[in-house]
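Visitor: All I have is the shape, not the residue letters:
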């Protein structure tokens with residue numbers, strides 16, 4: 001029998017087993033401590049377990065008011081088709097609704113968009129605005145290296161009020 005838990009954080013190794021089952025790349029390279037940190041920083045997290053085995057997970061990263069991002073919704077392949085992903089997503093969306101969050105977004109894995117449509121998600125049109133950060137080398141080479149004349153590396157030599 002599958003049980004659902006939103007009060008504990010799974011171990012990094014259990015989480016990585018789910019990630020690997022989905023074929024996602026780059027997570028393990030972060031290391032176990034960083035994975036634990038990421039999971040701990042989730043605004044809301046739901047685990048699905050079969051006994052002690054982690055078989056599904058979904059989490060939300062959010063400011064708790066305006067924006068929420070559903071990420072890492074994964075169910076082990078041998079457990080898919082049993083309603084586990086549906087239950088996890090329902091719980092994630094309920095939490096967002098309980099906090100009256102204005103916009104909930106997600107990135108669906110290739111060919112998985114159809115799973116989310118019955119929940120009210122819409123695919124963005126091809127010509128819709130939006131960007132994603134993919135080239136971390138630009139940050140390392142341009143933004144984090146101080147430029148001549150700017151001791152702190154900012155374009156105008158002044159830090160923002162948040163710095």
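Guide: Happy to help now that I have it. Remember, predicted model here, so these are calculated numbers, not experimental data.

Visitor: Got phi/psi on residue 116?
Guide: Phi and psi for residue 116, reported as degrees, to the nearest 10, are phi -90, psi -20.

Visitor: Spit out the contact partners of it.
Guide: By CB atoms under 8 Å, 6 or more residues apart in numbering, the residues touching residue 116 are 89, 106, 108. Bear in mind the C-beta positions are built from the backbone N, C-alpha and C, glycine included.

Visitor: any idea how far it is from residue 55?
Guide: Going from residue 116 to residue 55 by CB to CB, to the nearest Å gives 20 Å.

Visitor: repeat for residue 1
Guide: Residue 1 is 11 Å from residue 55, by CB to CB.

Visitor: okay, which residue is most central for this structure?
Guide: residue 71 (2.6 Å; CA atoms, centre = their mean).

Visitor: and it, what are its bridge partners?
Guide: residue 59 (DSSP bridges).

Visitor: Tell me who's in contact with it.
Guide: Each residue near residue 71 by CB under 8 Å, 6+ apart is listed here: 59, 60, 61, 106, 107.
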